[in-house]
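Peer 1: Predicted model follows, preceded by the sequence.
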Amino acid sequence: MEALKALVDRFDEISEKANVDAVFGKPETVEGRVLIPVAEMMVGFGMGGGLAPAQECTCECGDRAAEEEACECEAHESANGGGGGAGAHVRPIAYIEVGPEGTHVKPIVDEQKVALAGILLGFWAVGWVGLVLKTIFGRSFSTARS
C-alpha cells in the first residue's frame, strides 16, 4: 500500500509542475519588443498492481511423519506487486511577438523534421521511377526474347 501512495504522490508532483508556466515562458524584452515563448507539453502517467492468490502447501511427509516430528506446512501468504511510471515531454512550438506593429505569433520550425521529410520524399520518388522503368523495360525485354 505504501508503493501505491508513493506513486500517487509522484503524480501529484508532476501535476503541480504541468501548469501554464511550463507552456508560456517568461516574457523577454528585446529591442523594444516583448517575446513570449510558447511550448507544447505532454504528460503521461500509468500504474498498475496485482494480487496473486494464496498457494496451497504441498507436503511430502508420507510415512515418515510417524517416525519423525510431524510435518509442518505453513500456509503461504498471497503475493502482491505493482509498478508505475510517469514522463513528460516539452518542446518549443512558437513565440508571441508584441511590438509597435502589433502582436504576431511566429512558429518555430523543426529543421530536422523538414529535412527528414524531404529525404523520405526523395526515396519515395526514386522508388516509383524505378518501378515504372522496370515495368516499361521489363515488358520490352520479354517480348524481344520471344
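Peer 2: Okay, I see it. These numbers were taken from a predicted model, which means no experiment stands behind them.
Peer 1: Quick one: name whatever helix or strand follows the worst-scoring helix or strand of the chain on mean pLDDT.
Peer 2: Counting by mean pLDDT, DSSP states H and E, the weakest-scoring helix or strand in the chain turns out to be helix 64-67, with a mean of 47. Remark: after helix 64-67, the chain's next helix or strand is strand 80-99, criterion DSSP states H and E.
Peer 1: got the CA positions of that following strand in CSV?
Peer 2: The C-alpha coordinates for strand 80-99 follow below in CSV (Å, rounded to 0.1, in the frame of the first residue of the first chain):
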residue,chain,number,x,y,z
ASN,A,80,1.3,-8.7,-4.4
GLY,A,81,3.1,-6.4,-6.7
GLY,A,82,2.8,-3.2,-8.6
GLY,A,83,4.6,-0.6,-10.6
GLY,A,84,4.2,2.7,-12.4
GLY,A,85,5.8,5.4,-14.3
ALA,A,86,5.5,8.9,-15.5
GLY,A,87,7.0,11.1,-18.1
ALA,A,88,6.8,14.5,-19.6
HIS,A,89,7.9,15.9,-23.0
VAL,A,90,8.2,19.6,-23.7
ARG,A,91,9.2,21.2,-27.0
PRO,A,92,9.1,24.8,-28.2
ILE,A,93,6.4,25.4,-30.9
ALA,A,94,6.2,29.2,-31.3
TYR,A,95,6.8,32.6,-29.8
ILE,A,96,4.5,35.6,-29.5
GLU,A,97,6.0,38.9,-30.5
VAL,A,98,4.4,42.0,-29.2
GLY,A,99,5.7,45.3,-30.6
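Peer 1: So that it lines up with my notes, have the first residue be 55 from now on.
Peer 2: Got it, the first residue is 55 from now on, which makes the last one we talked about strand 134-153.
Peer 1: Can you tell me the strand partners of that strand and which way each runs?
Peer 2: Strands that pair with strand 134-153, judged by DSSP bridges, come out as strand 87-105 (antiparallel), strand 156-161 (antiparallel).
Peer 1: how far does it sit from the chain's center?
Peer 2: Per Cα atoms, centre = their mean, to the nearest Å, the displacement of strand 134-153 from the mean C-alpha position of its chain is 11 Å.
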